[in-house]
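Q: One predicted model, sequence on top.
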2 protein chains.
Amino acid sequence: MTVIAMNTAPVGTNAEHTIVNPPPKQWVYSFGSGKADGNASMRSLLGGKGAGLAEMSVLGLPVPPGFTITTEVCTYFNKNSGTFPPALIVHVTEALQSIEKQMSAVFGDSSCPLLVSVRSGARASMPGMMDTVLNLGLNDKTVEGLSNQSGDPRFAYDCYRRFIQMFADVVMGIEHHNFEEIIEEHKKTLGITLDTELSATHLKAMIEDYKSKIQEKAGKQFPQDPNTQLWDSIAAVFRSWSNPRAKTYRKLNNIPHDWGTAVNIQAMVYGNMGDDSATGVAFTRDPSTGENILYGEYLINAQGEDVVAGIRTPQHLSIRSRQAQQSTLPALEETMPEMFRQLETIRGKLERHFGDMQDMEFTVQRGILYMLQTRAGKCTTSAALKIACDMVSEGLITQDEAVLRIKPVSLNQLLHPMLDPKAKRQILARGLPASPGAACGRVVFTAEEAERHALAGEKVILCRGETSPEDIHGMHAAEGIVTTQGGMTSHAAVVARGMGRPCVAGASEIVISYEESTMRVRNGLLRAGDWLTLDGGTGEVLAGKVATIEPKLSGDFARVMSWADAVRKLKIMANADTAVDCRKAIELGAEGVGLCRTEHMFFQEGRIVAVREMIMAKTKEERLSALERVLPMQRGDFVEIFKIMEGRTVTIRLLDPPLHEFLPHGEAEIVELANATGTAVETIREQVLKQAEVNPMLGHRGCRVGVTYPEIYAMQTRAVLEAALEVSRAEGRRVSADIMIPFVAMEGEVRVLRELINGVAQEVLGDDETEVAYRVGTMIELPRAALAAGKIARETSFFSFGTNDLTQTALGLSRDDAARFLKVYEERGLLERDPFVSIDQEGVGELIRIAAQRGRETRPDLDLCLCGEHGGDADSVEFCHKVGLDSVSCSPYRVPIARLAAAQAVLRERA
Amino acid sequence: MTVIAMNTAPVGTNAEHTIVNPPPKQWVYSFGSGKADGNASMRSLLGGKGAGLAEMSVLGLPVPPGFTITTEVCTYFNKNSGTFPPALIVHVTEALQSIEKQMSAVFGDSSCPLLVSVRSGARASMPGMMDTVLNLGLNDKTVEGLSNQSGDPRFAYDCYRRFIQMFADVVMGIEHHNFEEIIEEHKKTLGITLDTELSATHLKAMIEDYKSKIQEKAGKQFPQDPNTQLWDSIAAVFRSWSNPRAKTYRKLNNIPHDWGTAVNIQAMVYGNMGDDSATGVAFTRDPSTGENILYGEYLINAQGEDVVAGIRTPQHLSIRSRQAQQSTLPALEETMPEMFRQLETIRGKLERHFGDMQDMEFTVQRGILYMLQTRAGKCTTSAALKIACDMVSEGLITQDEAVLRIKPVSLNQLLHPMLDPKAKRQILARGLPASPGAACGRVVFTAEEAERHALAGEKVILCRGETSPEDIHGMHAAEGIVTTQGGMTSHAAVVARGMGRPCVAGASEIVISYEESTMRVRNGLLRAGDWLTLDGGTGEVLAGKVATIEPKLSGDFARVMSWADAVRKLKIMANADTAVDCRKAIELGAEGVGLCRTEHMFFQEGRIVAVREMIMAKTKEERLSALERVLPMQRGDFVEIFKIMEGRTVTIRLLDPPLHEFLPHGEAEIVELANATGTAVETIREQVLKQAEVNPMLGHRGCRVGVTYPEIYAMQTRAVLEAALEVSRAEGRRVSADIMIPFVAMEGEVRVLRELINGVAQEVLGDDETEVAYRVGTMIELPRAALAAGKIARETSFFSFGTNDLTQTALGLSRDDAARFLKVYEERGLLERDPFVSIDQEGVGELIRIAAQRGRETRPDLDLCLCGEHGGDADSVEFCHKVGLDSVSCSPYRVPIARLAAAQAVLRERA
């Protein structure tokens, strides 16, 4: 009985070659017996699994021998209509012979057959997405050999049956249920209920039926030749890289389609050879808490799939875990103490070696431990933070490595409530994960309802086609927001992220009827008042109440962030429009306000009427009089903000949206305004109609409003500077106010408006800058502004890249309308990532590069910031660092992400 | 009596200087007595008038001596808060002494006073826009000298009165009416009615009242010191460069604000010294017809202002003109034959010298002829063409010079009906001159009405807020179009230009009520059926019927165009969507179709229902079935176009607008579609709502439609290529079809769609390219596409710059919404020109440069075209030539403009 036992003979090496000509491509990398052609650094070539197996072999861990066919073969295979490189067959044959030597078994041999597994293994883990074939090498003859060697005919025929079924499914495309039906028929005929009751004889008969079914379905026989089995399986695994499931997974996880998968062929070992056999998964630390203990599950006399399948209850590895979970099933530490001890040793070895928490698979075959996989383990963010901090304390990794270890976007988990992973969920619809966190409440369809119910202490979810600035109060009142239109930077998404409200945007399957106060979803109808849950981290809209859990910020979080702060060069600011935002921004580490939008302030109770009068004014005098009334309110806003920010720079963007956004929308509001202002309803209706724009995004907005109605910008500037002066005097601290001109296209606009601002500043502040430091800067959010940056820089102290609008204009893509076709683009592989989520570096990024360069040519000390939604996206932050910006600004809840990403950018650059 | 007579003594030269240090700036240029410091080439420095006077002096023509203060002084003056360069006073004093010598008179001398005029003179003619002071040097003492010398006290005191009045107005800002009132009072007191009845004594008394009025109004006295008079007047003329009138004029005529004006100071001569004196204006050819005769008007015993004022009827110069106009007043040829002979000699001399038709001013003072001005004359386009051709025949200029002589945009005059210049007109409103030509018809408010009335033989003007593709048939039926919204490249403007229909766009003073079928204008209300006239060349909307005159294309036009064609390098194509367009394009010299928009075809009778079904289709099958019905219709369109174009390249743009543009708009259309398709009205309404976009310009349009619904592009490609094959076979001539993908943002789009097009081509044409040559190209109309041009060029044979959309996206400027604030921008000097009319070279032009360079790096033979509306703008065409494009394409009616502009670009480059 040595078929499956490990052979310690040296691995057969490939033929040596002289390096006169460039070496031929190495398509195959062997591993096993303490040696390997590859190692952990060769992940791109060998895939994660292959690299891990190679590295474990090198480390001398017990790995069943095998070899990896590289990802380059996959690429070759896909580019050459499913054919292999000519040399491959020779390399595979040699590598197989090496396994045969080590295992003292022969592939296809009827007395001492070598059996292998064929598994995919991509560079990034894609669990369950691609295909696997086990027990390969079995046929009508070798099954007898396996039976003899194992002394267990039932085991052998069960392996054979499983192999046929798997092979038929993966290679020949015959679905599982065909075979399940055969099993059921046999059990019915035999009058038995459990699979385990089937004897070797029964299995033999079933196998014949399996073969007939294959002949019937595929029109050809199940191949008896092990080599045919092998090559067909390899091809099938390569093909499975391109199956729809895998493609979707890659899209969701931003894994490039051209990476390809490797294929690992490895001698089989069995955890189901009796009570001295077992199989399990283990983590080097607890992936939920990060605690430094061997953590995992195992099953005696079982195969890997049994652990996953959930038919038997897996048992804990350590006594401590068993006790913690109040389990009565014995731990591995109790049933197989020697195996446990070996695993503990391996755990330490791997952690010391990789400096990272490992996720391992192991099998015990008749008292011997085999390692089948190791890879960096996935864990919760709080566990990851703890592990990183612990490992720094343990001397396993440096602080810099700890900083690099945390995925910035994973910090979202810490900052927002999550769905309880144990809770059951029924998905009603899917949209874009527009603002992270989970929320649960009753359905409402208007901002007014939202506010009314919230005041009554009820939790509500605001469901809208799309939101507008008028809905802000309702969004604030709601637990979460669902929209049926719009993308990742739609109004709803941007505002929700800013507020930290969970939001699912563009859930286009949902059809809302405001008239009937209903929303139609895939499987039915919801009415106002029905319960709904949403997960803004996944984009799922769920039926009823689903339990959520609250996050906590740990000391580990603070430690890692402090290391990050020490490293990063980018200054991290926050987009904050209110006192609440500002407090949250400081709490989460923002160094100032990089974008304070003034338009939201206009919608507050008691102001909107004055604002509307200002817009409807027929003369400059009427407008000035309305502005007079807005001034003290705006000043009050800024006083509060400057106080909270305690001397940190606050960058205020002058009014940006087109004025018609502030005008009344419905008939009721029109009448209300008519009454409030003593104007004819008809006049207001006409004005509203007249102000409407075909493409508001490209309309009369931003500094264009400032140029045409300078008195509005003058009022805002006055409010800012008077507030700054007031706070400075009250607190005896210099206040730093940056005033930012939005939607600039040309130098002249800035020149004219800077003069206006400076004029007001002169009136308010005089020449003295001891109390208030103010600067004038521009948003760069139009391609023309980026191209003309050299000239614009003459008039401005800083640029702030408004990448939302820059993306819209550079790509000609309305963020409100893009959802309906961007999906198709992603599906067809035309877009790697939503350009509203991560900067389109080739287009928008190029404009930023051009603007930065031309701007600094004119003014070397020009301050460069990015304040679009991209400021909270890790890749975009890295881009900003590389391009040499000075700061990024993002919504308060994303400040930690930006801080971490900025630090990682520095560390990666050093590497 | 020698005060004003010309002195033949040599001009005093300025002090010589050695050229060891860089020479000090020359601020003053003298002229007169057959010599001059300057010449005609120094227009920028001396202004048009100064350069002309200098050149005439050099030519030995009788020019009263004087000097020019350069435009650089104006620039200095404006930049230095209205102060003069320190050296100026010395230079002016020297130059004045030189005049004194030549005139044998002394500035301020009481017995023999020198009197001068102070006139503005900019680089480009700005008639009547800036200020002039005449008779300067008079005061209470010198007026006696003038009286003695002229022997005409009344003349002397009238000069003095006029001078005070002019000086008070120009220099001291006291308006004319103050003095007119004094005159009226005196006349009343004296009981006389005519100014001429006032004696010298009366005038003396009036002058005293004038002085009191000045003291009263200005709080200071009228200056008696001639030097004060002189310097104050110079300053006033410089200031007048910046008066609002002058600013507006420059804006309208694209004259840069920083050019500045020169000031000309010249000895006075008088045409009102008796019946041996006269004044007049003359053209070297007839400016209406171009005929080669001395043409002009004069008055005996008069001053220049009398000719202009229209109180006396001016007389013709030649007997021939007098007879032609059936005038009984004697011609100059009859009254002063010697003066006429001298003028004829001067005419020949000036034309031979300048090689251009001249516009001259002259004065005869007591039998001696003085030339006061010469400049290139303005004339009608047909006259300009005749003059250019005649001058080539006469050997005065070369063909190239003739080509340069014609202003491209002036060709519009030849191609469209014009308002009869003699007809009276009442302006109701002003808008943008969106499509040239005049039209007259009854007001209609819908495309349907327009069509109905036109079918009934009535002429109509279609008045809309804005037009959409659905209105095309109505626009065709109408004589002209007026819109209240939208700019120079709004839908109405673009389509109207394409059709050659006159159009006034964005006449925002007009308010249309569709419900009441009325339009409110400044002074009243118009109803459907009322008569209206519009001038698309000026943007005027006029009341009632105003007579129009029809244009004719002369042989001179053809000659000049053939010379232009021989010179130009740019290929000129036409934007043509219909058979009518294509015929017009060929007639006007287009070398092919550079842009054939396919969407207009979708709106034709009998198709729109199928198109709508295609859009509303729920499944691909339904869509394919609807497309099946559209295919033969589209094929028919292309067959017709290929036949007309006789083998010239036709560039077809696949469907570009968002699909919702094709959906029904009103309730009636929804019901109609519901009936036609057997769909529920509610379903259609929902679909229409669902397809609506917030920013359709940045929405689901262009190749995005092709990517999401490939079957639409496949159908269109099939229609194009099947048509091409059919025509090629029928006519035995190779057909050249370029297929163009619109609204490309990234390489992937082109790759996917090129494969689609090539696939269809393979099916239709096979591999044989002998019958049909087709290429695949892309529109470059998004900033991202321009930046990624290097990659996009991999997939494409040609680029066509869609500068309308590129302007919209680069500047973030919706052409439909921009009108309301672009006016303010132009007023405030932020925009030199409407970027939708002439390419914004700094922004949009930069993107074109980048794209051209990056595209050709990838593919050196990449064909580059521009097919936006800018293709018909002369400056933009010149830009295209400079950037190295291969062709431009514009609406048929602008093809001659483009041909001429392209030739001029070459010639200017050579110069």
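A: Done, it's in.
Q: you'd agree residue A:470 is in a strand?
A: No: applying DSSP: H, G, I helix; E, B strand; the rest coil, one finds residue A:470 to be helix, outside a strand.
Q: And the pLDDT at it?
A: We have a pLDDT of 75 for residue A:470.
Q: quick one, what contacts it?
A: With contact taken as CB atoms under 8 Å, 6 or more residues apart in numbering or on different chains, residue A:470 is in contact with A:447, A:603, A:665. C-betas here are computed from N, CA, C, even on glycine.
Q: Would you agree the second one is in contact with residue A:475?
A: No: using CB atoms under 8 Å as the test, residue A:603 is too far from residue A:475 to be in contact (11.2 Å).
Q: Tell me where the model's unsure across the stretch 451-600 of chain A.
A: For the stretch 451-600 of chain A, applying pLDDT under 70 flags the ranges A:489.
Q: Kindly report the residues of it close to chain B.
A: For the stretch 451-600 of chain A, the contact set with chain B under CB under 8 Å from any CB of the partner chain comprises A:466, A:511.
Q: Tell me where the stretch 451-600 of chain A has helices.
A: With DSSP state H, counting those that start in this stretch as the criterion, the stretch 451-600 of chain A has helices at A:472-477, A:491-499, A:555-567, A:579-587, A:599-602.
Q: Throw the ones you listed into TSV and include mean neighbour count, thanks.
A: Compiled in TSV, the helices of the stretch 451-600 of chain A are given as follows (neighbours: other CB atoms under 10 Å in any protein chain shown):
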stretch	mean neighbour count
helix A:472-477	21
helix A:491-499	26
helix A:555-567	18
helix A:579-587	19
helix A:599-602	20
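Q: Residue A:73 is nearest to which of those?
A: Closest of the helices of the stretch 451-600 of chain A to residue A:73 is helix A:555-567, at 39.6 Å (criterion: CB to CB).
Q: follow-up on the earlier one: list just the nearest of the contacts of residue A:470 to residue B:37.
A: Closest to residue B:37 out of the contacts of residue A:470 is residue A:603 (67.6 Å), distances taken as CB to CB.
Q: mind checking how far that closest one is from chain B?
A: Residue A:603 sits 19 Å away from chain B, going by CB to the nearest CB, to the nearest Å.
Q: Likewise for residue A:904?
A: Distance of residue A:904 to chain B, given as CB to the nearest CB: 27 Å.
Q: can you check residue A:316 too?
A: Separation of residue A:316 from chain B (CB to the nearest CB): 50 Å.
Q: ok, now residue A:224?
A: Look at residue A:224 and chain B: by CB to the nearest CB, they are 42 Å apart.
Q: what's the answer for residue A:262, then?
A: 27 Å.
Q: packing partners for whichever strand or helix holds residue A:90?
A: Assigned by DSSP states H and E, residue A:90 falls within helix A:88-103. If contacts are counted by 3 or more CB pairs under 8 Å, 6 or more residues apart in numbering or on different chains; DSSP states H and E, helix A:88-103 sits against strand A:28-32, strand A:66-69, helix A:226-240, strand A:261-267.
Q: Is residue A:371 in contact with residue A:63, as I believe?
A: Yes: in this structure, residue A:371 is within contact of residue A:63 by CB under 8 Å, at 5.4 Å.
Q: Between the two, which is the more surrounded one?
A: residue A:63 (28 against 24; other CB atoms under 10 Å in any protein chain shown).
Q: So that one, which state does it fall into?
A: Residue A:63, by the three-state scheme (three-state DSSP), is coil.
Q: How about the contacts made by it?
A: Residue A:63 is in contact with A:31-32, A:53, A:56-57, A:370-372, counting by CB under 8 Å, 6+ apart.
Q: now with 7 Å?
A: A:31-32, A:53, A:56-57, A:370-371 (CB atoms under 7 Å, 6 or more residues apart in numbering or on different chains).
Q: Out of those residues, flag the one nearest to chain B.
A: Using CB to the nearest CB, residue A:53 comes nearest to chain B of the contacts of residue A:63, at 36.1 Å.
Q: phi, psi of the closest one?
A: Main-chain torsions, residue A:53, degrees, to the nearest 10: phi -60, psi -40.
Q: what's the neighbour count on residue A:774?
A: Based on other CB under 10 Å, the number of other residues close to residue A:774 is 21.
Q: who's the residue in the stretch 501-650 of chain A that chain B sits nearest to bridged to?
A: Proximity of the stretch 501-650 of chain A to chain B (CB to the nearest CB) peaks at residue A:511, 8.0 Å away. Assessed by DSSP bridges, residue A:511 has beta-bridge partners residue A:520.
Q: isn't it right up against residue A:520?
A: Yes: assessed by CB atoms under 7 Å, residue A:511 is found in contact with residue A:520 at 4.5 Å.
Q: quick one, which of the helices and strands packed on helix A:88-103 is nearest to residue A:794?
A: Using CB to CB, the nearest of the helices and strands packed on helix A:88-103 to residue A:794 is strand A:261-267, at 54.2 Å.
Q: What angle do helix A:226-240 and that closest one make with each other?
A: Here strand A:261-267 points in a direction 150 degrees away from that of helix A:226-240 (axes from the mean of the first three to the mean of the last three CA atoms, to 10 degrees).
Q: what lines up beside strand A:261-267 in the sheet?
A: Using DSSP bridges, strand A:261-267 pairs in its sheet with strand A:66-69 (antiparallel), strand A:116-122 (antiparallel).
Q: for the helix ranked longest in chain A, packing partners?
A: In chain A, taking DSSP state H as the definition, the longest helix is helix A:620-645. Under the contact criterion of 3 or more CB pairs under 7 Å, 6 or more residues apart in numbering or on different chains; DSSP states H and E, helix A:620-645 touches helix A:579-587, helix A:608-616, helix A:710-731.
Q: Of those helices, which shows the lowest average pLDDT?
A: Ranked on mean pLDDT, the bottom entry among the helices and strands packed on helix A:620-645 is helix A:608-616, at a mean of 85.
Q: roughly how far apart are the residue of the stretch 201-350 of chain A found nearest chain B and residue A:821?
A: Residue of the stretch 201-350 of chain A nearest chain B, by CB to the nearest CB: residue A:257 (11.8 Å). According to CB to CB, to the nearest Å, residue A:257 stands 20 Å off from residue A:821.
Q: okay, the two: which has more neighbours?
A: The neighbour count for residue A:257 versus residue A:821, taken as other CB under 10 Å, is higher for residue A:821 (18 against 14).
Q: buried ones in the host helix or strand of residue A:907?
A: If you go by DSSP H and E, residue A:907 is part of helix A:895-910. Neighbour counts over helix A:895-910 (16 or more other CB atoms under 10 Å in any protein chain shown) mark A:895-907 as buried.
Q: got the residue ranges for the helices in the stretch 801-911 of chain A?
A: Taking DSSP H, counting those that start in this stretch, the helices of the stretch 801-911 of chain A run over residues A:803-811, A:819-827, A:844-858, A:874-883, A:895-910.
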